[in-house]
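S.K.: Got a sequence here, can you model it:
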Amino acid sequence: MRESDYLIKELEVVYHPYKNNDIEQKVTIKTSKTAAELLFSMYNTNTMNFQEEFIVLYINAANNIIGVQHLSKGGITATSVDIRIVLATALKCFATGILISHNHPSGQLKPSINDEVITQNIKKACKYFDINLLDHIILAPSGKYFSFSDTGML
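M.R.: Below is the predicted model:
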């Protein structure tokens, strides 16, 4: 076979940090409280009490937010988290850290076993790429939050 007999698709990775020449607004994460306040503004308050959602913040070395990804929406008690998508996005935007978050429609702030497992799996995957998992924040519709980092679970 000749080289021309193979059709191999070429991939192109493109990163556009600013759209339409917008002026960059730096948002810096300093504490779990500031992260939780920002995250609450990203969730839909009309659905937060009955539908789980998973949001990822991508952060640079200065703890400034590069971008946000509304990764998934699920049902009443769970949502899907594909670690490959989380890491692929982190690599594409040159993030040095990520902060993950999801809500508990029940209002219960205690992490489930699944919450703990996904947190540890993401943390382990991040280590391969020298990316820090800064926190996992669980939000309740009441406005309260739980931080894995603050409680030493990270």
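S.K.: Can you name the residues bridging to Ser101?
M.R.: Beta-bridge pairing for Ser101 (DSSP bridges): Ile55, Ile137.
S.K.: if I look at it, how far off is Leu7?
M.R.: 42 Å (C-beta to C-beta, to the nearest Å). The C-beta positions use only the backbone N, C-alpha and C, and glycine is treated the same way.
S.K.: wait, isn't Val27 in contact with Gly67?
M.R.: No. Contact criterion C-beta atoms under 8 Å: Val27 and Gly67 do not qualify, at 10.4 Å.
S.K.: what's Ser72 sitting at in phi/psi?
M.R.: Here is the backbone geometry of Ser72 (degrees, to the nearest 10): phi -160, psi 160.
S.K.: Isn't it up against Ser80?
M.R.: Yes. Under the criterion of C-beta under 8 Å, Ser72 makes contact with Ser80 at 4.9 Å.
S.K.: So between the two, which is more surrounded?
M.R.: Using other C-beta atoms under 10 Å as the criterion, Ser72 and Ser80 rank with Ser72 on top: 17 against 12.
S.K.: Looking at Ser101 and Leu7, which one has more neighbours?
M.R.: Neighbour tally, Ser101 and Leu7, criterion other C-beta under 10 Å: the higher count belongs to Ser101, 25 against 5.
S.K.: Could you check the pLDDT of that one?
M.R.: Looking at Ser101, its pLDDT stands at 98.
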